[in-house]
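A.B. asks: structural data only, the sequence is not supplied:
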């Protein structure tokens, strides 16, 4: 089987991502959507290597656990909070 960029595999594995979202939601991770899972995989799991074979991608999705997902979501929330605080500070300086 050939290696492709993970983005190229997305249409093929969409049902696996949807299934993982439902699984995490059943465990109480309400933030788990197919999009948030995909972003977690891209930015946390595949951050260093985005060239994968299909079976590797499916394995990564199936092995994604709630801890890894929530760690990613927490990091994203902190970055968003920091960005909003920076924007507010800049806006105060303008006034």
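C.D. replies: All right, it came through fine. Here the structure is a predicted model, which is why all the values come from computation and not from measurement.
A.B. asks: contacting residues for residue 28?
C.D. replies: The contact partners of residue 28, by Cβ atoms under 8 Å, 6 or more residues apart in numbering, come to none. C-beta coordinates here come from the backbone N, C-alpha and C atoms, glycine included.
A.B. asks: that one in helix, strand or coil?
C.D. replies: Here residue 28 is coil, with the state taken from DSSP: H, G, I helix; E, B strand; the rest coil.
A.B. asks: what does residue 10 give?
C.D. replies: helix.
A.B. asks: and for the residue lying closest to residue 31 once chain neighbours are set aside, the neighbour number?
C.D. replies: What sits nearest to residue 31 in space, not counting adjacent residues and going by Cβ to Cβ, 6 or more residues apart in numbering, is residue 73, at 5.5 Å. Residue crowding around residue 73 was assessed by other Cβ atoms under 10 Å; the count is 17.
A.B. asks: state the distance from residue 73 to residue 12.
C.D. replies: Computed as Cβ to Cβ, to the nearest Å, the residue 73 to residue 12 distance reads 25 Å.
A.B. asks: for residue 71, same thing?
C.D. replies: Residue 71 is 27 Å from residue 12, by Cβ to Cβ.
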